[in-house]
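Peer 1: I need the structure of the sequence given here:
(one chain, ligands or ions: 2)
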Amino acid sequence: LSAQGAERLMNLHPMWQGPLAVPGGDRQSPIDIVVRKSVLDTELKPLKTTYDPKTCQQIWNNGYSFLVEYDDTTDKNTLKGGPLQDTFRLCQFHFHWGETNDWGSEHTVDRRLFPAELHLVHWNADRYSLFEEAVMEDNGLAVIGVFLKVGKRHEGLQKLVDALPTIRHKDSVVEFTCFDPGCLLPANTDDYWTYHGSLTTPPLTESVTWIVMKQHIEVSHDQLAVFRSLLFTSAEEEVQKSMVNNFRVQQPLRGRTVRSSFT
Ligand SMILES: COc1ccc(C[C@H]2SC(=O)NC2=O)c(OC)c1
Ligand SMILES: [Zn+2]
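Peer 2: Ligands and ions are numbered 1, 2, ... in the order given. The predicted structure follows:
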């Protein structure tokens with residue numbers, strides 16, 4: 001199925017579109033990254049991430065995806081460098097995936113779809129005191145995107161996969177501790193694309209500096225199948241809907257430049 005096919009399919013799920021036109025929406029996400037149109041920026045620094053697994057708190061199903069949340073009241077989990085001037089704090093990570101391995105990512109690279117995409121969400125702790133404030137500001141958030149491919153089993157992911165059956169329904173939460181989000185980053189984090197965009201779910205605010213890794217990570221078919229066993233619906237609802245295709249379709253570039261840290 002082509003990206004267009006996935007797009008047609010996506011339009012069956014209006015909830016993922018959110019308002020089609022966002023007021024002044026000229027920096028919406030996700031986008032297709034056209035590699036040959038990206039511009040090398042030699043000023044881009046390597047990413048610097050410091051994550052403390054002990055600050056992992058809980059994993060929960062929010063009815064869109066599942067989130068792993070961290071204590072972001074101190075500077076224990078930080079993202080610096082790359083395109084960023086300030087220090088950003090990790091607050092959560094989550095994924096987007098398809099109903100089959102043929103699609104599922106939000107960003108595409110030369111129209112190539114991946115089966116899933118990881119988002120590590122950070123907020124600008126130098127300028128704001130709360131995530132909720134930063135979400136509304138144009139330099140408020142930095143999200144690292146990592147593509148997933150189906151291949152060998154990801155040992156570090158298994159602890160998270162084993163917790164998913166305990167949060168099958170929307171709004172279920174369980175304690176989740178000692179998880180190092182760094183284990184989900186690819187070996188090479190020096191090569192990435194970066195551009196200014198938005199949240200990919202409502203409220204779609206244009207507050208995100210996107211950092212999309214060139215190198216993907218691999219997970220097994222069975223691990224990804226467990227993602228698809230989650231449900232969009234809460235326990236009370238009579239019709240249960242499996243949590244799949246929770247991605248937004250690519251948005252117009254509107255003249256933006258995608259910079260690359262590599263040639
Ligand atoms: C009210 O604040 C919000 C709302 C939604 C999201 C999640 C979106 S944004 C992304 O990258 N992927 C997603 O699914 C968020 O994340 C920073 C922040
Ligand atoms: Zn996301």
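
Peer 1: didn't residue 241 look like it was pressed against residue 232?
Peer 2: Yes - under the criterion of CB atoms under 8 Å, residue 241 makes contact with residue 232 at 4.5 Å. The C-beta positions use only the backbone N, C-alpha and C, and glycine is treated the same way.

Peer 1: Name the residue closest to the centre of the chain, please.
Peer 2: Of all residues in the chain, the one closest to the mean position by CA atoms, centre = their mean is residue 119, 2.1 Å from it.

Peer 1: Would you quantify the distance from it to residue 253?
Peer 2: Distance, residue 119 to residue 253, by CB to CB, to the nearest Å: 20 Å.

Peer 1: how far does stretch 178-185 stretch from start to finish?
Peer 2: 16 Å (CA to CA, to the nearest Å).

Peer 1: Around the residue of the stretch 151-263 of the chain found nearest ligand 1, how many other residues sit close by?
Peer 2: For the stretch 151-263 of the chain, the residue closest to ligand 1 is residue 199, as judged by CB to the nearest ligand atom, at 3.7 Å. Neighbourhood size, residue 199 [other CB atoms under 10 Å]: 21.

Peer 1: who in the stretch 101-250 of the chain is up against ligand 1?
Peer 2: 119, 121, 135, 141, 143, 199, 200, 201, 203 (CB under 6 Å from any ligand atom).

Peer 1: Next, count neighbours for the last one.
Peer 2: Same thing as residue 203. The burial count for residue 203: 12, using other CB under 10 Å.

Peer 1: same check, this time on the second one
Peer 2: The burial metric for residue 121, expressed as a neighbour count using other CB under 10 Å, is 24.

Peer 1: Tell me who's in contact with it.
Peer 2: Residues in contact with residue 121 (CB atoms under 8 Å, 6 or more residues apart in numbering) are 90, 91, 92, 93, 94, 141, 143.

Peer 1: So which of those is the closest to ligand 1?
Peer 2: Taking those together and measuring to ligand 1 by CB to the nearest ligand atom, the closest member is residue 143, at 4.6 Å.
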